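Undergrad: please work out how this folds:
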Amino acid sequence: MSPLHGIRVVELASLAPAPFGCMMLADLGADVVLVDRPGGNATPDPLRRGRRAVSLDLKTGAGVAALLRLAERADVLVEGFRPGVAERLGFGPADLHKINPRLVYARMTGWGQDGPLAARAGHDIDYIATAGALAPLGRPGEPPLAPLNLIGDFAGGGMLLAVGVLAALLERERSGRGQVVDAAMVDGSALLTTFLHGMLGAGRWPFPRGGNLLDGGAPFYDTYRTSDGEFMAVGALERAFYRELLAGLGLAGEELPDQYDPAGWPVLRARFAARFAERTRAEWTEVFAGVDACVAPVLAPAEAPEHPHNRARRAFVEVDGLIQPAPAPRFGRTPAAHPEPCRPASVEEILAGW
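TA: Sure thing, here's the model as predicted:
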């Protein structure tokens with residue numbers, strides 16, 4: 001049995017963060033029922049894997065009544081509406097706790113359930129900007145660089161939602177009562193900058209964007225173009241790894257500035273860039289294979305499944321004809337569920353099984 005075997009989750013269809021959080025719950029063995037809109041998404045989507053999907057119009061009395069029947073027998077309900085929408089439609093937390101006091105009611109929003117921006121629209125880039133997570137990203141003198149929608153939607157949103165649901169389920173074992181989980185992407189994005197605030201407080205982040213130790217300012221923590229137009233990633237922070245980096249680049253005997261002297265970083269960057277430009281990505285990968293220099297090839301998403309380490313770890317799986325990341329983390333005794341495509345079901349079929 002998987003870790004969440006026997007946990008019943010009702011997920012109201014939404015975009016990106018909540019589906020990712022529910023995908024994680026399904027990967028861990030929860031029985032997740034996706035309440036889809038009529039005519040919902042029929043194309044293969046990794047974020048929908050591991051579900052059964054029912055079609056309900058939640059703007060009708062019949063649709064809400066069917067949802068209430070599911071919620072009455074569920075452990076968790078997840079919704080991603082703006083604050084107040086679920087209440088207006090008749091399935092807010094107070095409505096559902098009347099029929100199921102043990103229900104964990106998880107709410108996924110950008111700005112949270114309260115605050116001046118709670119009712120406003122937004123997207124990942126807005127949440128991470130407000131949380132202080134966007135400003136440090138990018139090159140010196142250039143605008144901040146949006147890191148796809150990984151920080152706000154998925155790490156600060158969906159993963160935060162999953163952690164909140166798991167914590168509420170654990171607490172329910174003691175209290176016997178459900179509760180509301182208010183998962184806001186702006187909160188989660190801020191939480192992800194905790195380490196950065198520690199560095200700021202200690203005076204270890206003194207320079208503007210792109211000039212510090214971990215934001216591409218340090219030449220030994222950056223990416224370099226190779227002769228074939230690809231890139232290598234360098235993360236040789238510790239001096240022992242830095243020595244291996246210099247050896248691999250053929251610079252061990254050269255007189256160079258000290259590793260941690262920012263005044264010498266432009267010289268180091270120029271030398272590293274010149275050396276990496278002399279060979280292809282494959283050649284540099286071979287040079288640093290088996291060497292603790294913290295150097296790795298920069299792989300495109302389509303290339304990552306074929307990397308020998310990812311293949312050995314079975315880090316990617318094929319579901320519904322689409323290669324995608326496998327469930328994580330790993331468990332020694334109760335392995336995660338094998339992902340299956342989302343399949344249609346009826347409310348009566350689900351209730352009969354529950």
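Undergrad: which helix or which strand is home to residue 52?
TA: Assigned by DSSP states H and E, residue 52 belongs to strand 51-55.
Undergrad: could you do residue 224 as well?
TA: With DSSP H and E as the criterion, the answer for residue 224 is strand 221-225.
Undergrad: now do the buried residues in that strand.
TA: 221, 222, 224 (16 or more other Cβ atoms under 10 Å). Just so you know, the C-beta spots here come from the backbone N, C-alpha and C atoms, and that holds for glycine as well.
Undergrad: I'd say residue 86 and residue 77 touch.
TA: No - contact criterion Cβ atoms under 8 Å: residue 86 and residue 77 do not qualify, at 9.2 Å.
Undergrad: which one's more surrounded, the two?
TA: residue 77 (27 against 21; other Cβ atoms under 10 Å).
Undergrad: the more buried one is in contact with residue 103, isn't it?
TA: Yes - with contact defined as Cβ under 8 Å, residue 77 reaches residue 103; the gap is 6.1 Å.
Undergrad: which neighbours do those two share?
TA: Counting by Cβ atoms under 8 Å, 6 or more residues apart in numbering, the common neighbours of residue 77 and residue 103 are 71, 96.
Undergrad: got the contact list for the nearest residue to residue 12 once chain neighbours are set aside?
TA: Sequence neighbours aside, residue 79 is the residue nearest to residue 12 in space, at 4.4 Å (criterion: Cβ to Cβ, 6 or more residues apart in numbering). With contacts defined as Cβ under 8 Å, 6+ apart, the neighbours of residue 79 are 12, 14, 18, 86, 91, 105, 106, 107, 108.
Undergrad: which residue ranges of the stretch 201-350 of the chain form helices?
TA: 239-249, 265-276, 281-287, 308-313, 347-353 (DSSP state H, counting those that start in this stretch).
Undergrad: okay, angle between the strand holding residue 224 and helix 239-249 too, please.
TA: Here strand 221-225 runs at an angle of 10 degrees relative to helix 239-249 (axes from the mean of the first three to the mean of the last three Cα atoms, to 10 degrees).
Undergrad: give the pairing partners of strand 221-225; include direction for each.
TA: Strand pairing for strand 221-225, determined by DSSP bridges: strand 231-235 (antiparallel).
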